[in-house]
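Participant: Fold the following for me, if possible:
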Amino acid sequence: MNGRGDWIRTSDLHTPSVMRYQAALRPDLAWASRQGRSARQGTVGARVVRRRRKGKAGKWVGRGVSAILAVPAIYLLLALIGSLIPVNSGWKEPTQGITVYIADNGIHADIVMPVSAQGLDWSGVIGRPDGAEDVRWIAFGSGEERVYLNTPTWWDITPRTIWSALTGGRRVMHVEYVPSPAYAARQVRLRPEEYRRLWAAIRADLVLDHRGRPQRLAHPGYGPFDAFYRARGKESAVRTCNTWVAGWLRLAGVKTSLWPPFAQGLTWRYRRAAA
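Facilitator: Next up is the predicted model:
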């Protein structure tokens with residue numbers, strides 16, 4: 001047609017120049033063919049790019065999830081190791097001395113000690129509440145402020161208090177006059193000098209006001225004989241209530257665990273309290 005001949009059959013591929021002949025004879029069809037191939041190639045390329053992007057995004061999401069899941073696993077592993085490694089490993093419990101107790105509820109540990117022993121009297125530091133004049137024992141526990149003040153029971157725990165306990169918050173000390181240490185699960189007998197060091201370590205953690213007295217918080221407490229006081233340092237998933245108790249015992253020279261964030265990692269080293 002128009003002297004240019006017709007489109008050469010595309011199945012006739014005997015020579016490599018057939019495609020060039022086709023382009024020469026019908027340039028309009030050759031251009032359309034190239035445009036179609038380019039469009040198809042562009043569509044396929046876009047699909048490949050989208051797949052690659054989705055693949056990379058999926059990999060990053062997977063890595064993020066794995067990292068999040070790895071954090072508690074690593075924490076538990078370090079807690080186990082820290083609970084097994086001792087400090088003051090050469091310490092031996094004496095046959096005679098002053099007995100202190102470790103009370104715990106499965107999560108939180110307290111030190112229970114005499115109100116007065118070895119010439120050291122807690123009633124001169126922590127005033128006795130009304131009705132506790134004859135009480136002979138006093139318990140000390142450390143905790144994060146929001147958790148301690150706002151959660152008198154486990155049912156009062158909120159996501160905010162959990163977040164404060166994990167990430168860190170102001171530390172307070174819960175002090176309670178108790179009639180008997182019978183509720184405590186473990187006991188430790190100390191030499192006089194060890195008891196005095198323990199007493200001094202706990203005393204040094206209390207923040208004092210301008211009169212040199214512990215700063216009591218405006219909180220009614222959980223019972224008639226307890227109160228909350230400002231304490232030095234921070235409370236977090238790294239410095240838990242149990243690691244503070246271990247720190248007191250370490251300063252006293254007593255064998256204890258290197259880093260026991262859980263109560264079980266602290267208490268397993270000591271004798272069961274006598275019934």
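Participant: Buried residues of stretch 256-267, list them for me.
Facilitator: Of the residues in stretch 256-267, 256-257, 259-263, 265-267 count as buried by neighbour count, 16 or more other C-beta atoms under 10 Å. C-beta: built from backbone N, CA, C; applies to glycine.
Participant: Can you give the contact residues for it?
Facilitator: Under the contact criterion C-beta atoms under 8 Å, 6 or more residues apart in numbering, stretch 256-267 has outside partners 75, 78-80, 82-88, 102, 104-109, 185-186, 237-238, 240, 242-243, 245-246, 249-250, 269.
Participant: ok, which stretches of this protein are helices?
Facilitator: Applying DSSP state H to the chain gives helices spanning 18-25, 27-84, 145-150, 159-167, 192-204, 241-252, 263-267.
Participant: Okay, angle between the fourth one and helix 241-252 too, please.
Facilitator: If I follow you right, that is helix 159-167. Counting by axes from the mean of the first three to the mean of the last three C-alpha atoms, to 10 degrees, helix 159-167 lies at 30 degrees to helix 241-252.
Participant: Can you tell me the closest non-neighbouring residue to the residue nearest to the spatial centre of the chain?
Facilitator: Among the residues of the chain, the smallest C-alpha distance to the mean C-alpha position (C-alpha atoms, centre = their mean) belongs to A237, namely 3.1 Å. Spatial nearest neighbour of A237, chain neighbours left out: L166 (4.7 Å); criterion: C-beta to C-beta, 6 or more residues apart in numbering.
Participant: again with E194
Facilitator: A252 (4.8 Å).
Participant: and that neighbour, how many neighbours does it have?
Facilitator: Residues near A252, counting by other C-beta atoms under 10 Å, number 24.
Participant: I figured it hits I202, correct?
Facilitator: No - with contact defined as C-beta atoms under 8 Å, A252 does not count as touching I202 (9.5 Å).
Participant: picking up where we left off before, quick one: which of the helices of the chain has the weakest pLDDT on average?
Facilitator: Of all these, the minimum mean pLDDT falls on helix 18-25 (a mean of 52).
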